[in-house]
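*Asks:* Structure for the following, please:
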Amino acid sequence: MAVTVTSQKELDKALKNSEPVIYIDSPAGVWLRVESSGSSRVEARGSSSVEAWDSSSVVARGSSSVVAWGSSRVVARGSSSVVARGSSSVVAWGSSRVVAWGSSRVEARGSSSVVAWGSSRVVAWGSSRVEAWDSSRVVAWDSSRVVARGSSRVEARGSSRVEARGSSRVEARGSSRVEAWDSSRVVASKYVAIHLHSKKVALSGDGVVIDVSNIDTHTTDDFLAFHGVKVQDGEAILYKAVDADLFAGHGYTKTQYPLGATVTAPDWRPSQACGNGLHFGYRPAVARSYYNGGGAPRFLEVAVRVDGLVALGDKAKAESCRVLREVDIHGDEVQ
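*Replies:* Numbers count the residues shown, from 1 in each chain. Now for the predicted structure:
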């Protein structure tokens, strides 16, 4: 039999009675504490919030939030969120999110996302994403993606992708790819591709090095070439993320992008800085990263005159654009 609890009193009673399955469905913002789950299976559901302590075990589902302490164990599923501390252990699935501290351990699968701090350890599988800080350690498998910062250490395997920054250290094998920045250190086997973004990077091994350290994506020519932007008849093909009504922007400066129309910025200034113009990404996914509208974004393919384009690294701005068509996240036309 399963029992559903919504308060600390009900939870304590269920744990004391060793109920086989306990579902926690507390109101949003109300935290419940599990100090020892014993033989009970505890699951956090809905928008419930749970603190797992000592040797307790919790499964997080839905949009629940769990903070794991001590030697507790958490399995995160769905869009749940977990903060792991101490020597806690987390297995993350689906689109769950984990922030790991101390000497906690995380195994990330699916499209889960992990930020690792301290001396935490992460093993990433599938298309999971990890950001490693301090002296944390990550082993990346399959098509997982890792950003290594501080003095973190990453071992990249399979077709994983690593962005190495700071004084991080990366050992890359298989067909993995590494973007090396700052004073990071990279050891790569024969079939690893390394994009070198800094002359301070220490490289060793037999990896294939693509030196892009002299490229400046804040110049138009380098921006177009580096990001592979298609240019036809003097116009660059870029992308814009908009809301359901085709609006984008901030506050009172929102601009609508009707299909087939030419859109012009009312505040245009050709400065090498954000603002004062219409902004675009070189891919729909990049445009989405700057989207701040409500609800799920829609994506538009636009044409922008190259001679009026101001490059800003991973995006660009212009005074005007022609809205060509609606596309999906991959750039394919929406029928």
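*Asks:* Spit out the contact partners of A14.
*Replies:* By C-beta atoms under 8 Å, 6 or more residues apart in numbering, the residues touching A14 are V3, V5, I22, S40. Just so you know, the C-beta spots here come from the backbone N, C-alpha and C atoms, and that holds for glycine as well.
*Asks:* Tell me, how many residues neighbour S80?
*Replies:* Other residues near S80 number 27, with proximity taken as other C-beta atoms under 10 Å.
*Asks:* Check the one 4 residues further on too.
*Replies:* A84: 32 surrounding residues under other C-beta under 10 Å.
*Asks:* Tell me if I'm right that it and A68 touch.
*Replies:* Yes: with the criterion set as C-beta atoms under 8 Å, A84 and A68 qualify as a contacting pair; they are 4.7 Å apart.
*Asks:* Overlap in contacts, the two.
*Replies:* Common contact partners of A84 and A68 (C-beta under 8 Å, 6+ apart): V74, V90, S104.
*Asks:* that's a helix at R288, yeah?
*Replies:* Yes: the assignment for R288 by DSSP: H, G, I helix; E, B strand; the rest coil puts it in a helix.
*Asks:* coming back round to it: separate out the buried members of the contacts of A14.
*Replies:* V5, I22, S40 (16 or more other C-beta atoms under 10 Å).
*Asks:* So in terms of bridging, what pairs with the first one?
*Replies:* On DSSP bridges, the residues paired with V5 through beta bridges are I24.
*Asks:* Now do the same contact list for it.
*Replies:* Contacts here follow C-beta under 8 Å, 6+ apart; on that basis V5 touches L11, K13, A14, I22, Y23, I24, D25, S26, L32.
*Asks:* mind running it again at 6 Å?
*Replies:* With C-beta atoms under 6 Å, 6 or more residues apart in numbering as the criterion, the residues that contact V5 are L11, A14, I24.
*Asks:* The last one too?
*Replies:* The contact partners of S40, taken as C-beta under 6 Å, 6+ apart, are L15, S18, E19, I22.
*Asks:* Neighbour-wise, which one of those leads?
*Replies:* I22 (24 neighbours).
*Asks:* Just the element for that one, please.
*Replies:* Secondary-structure element containing I22, defined by DSSP states H and E: strand 21-24.
*Asks:* Could you report the distance from A140 to P27?
*Replies:* According to C-beta to C-beta, to the nearest Å, A140 and P27 sit 38 Å apart.
*Asks:* Look at those two and report which has more neighbours.
*Replies:* When neighbours are counted by other C-beta under 10 Å, A140 comes out ahead of the other of A140 and P27, with 30 against 11.
*Asks:* So in terms of bridging, what pairs with the more buried one?
*Replies:* Using DSSP bridges, the beta-bridge partners of A140 come out as A124, A156.
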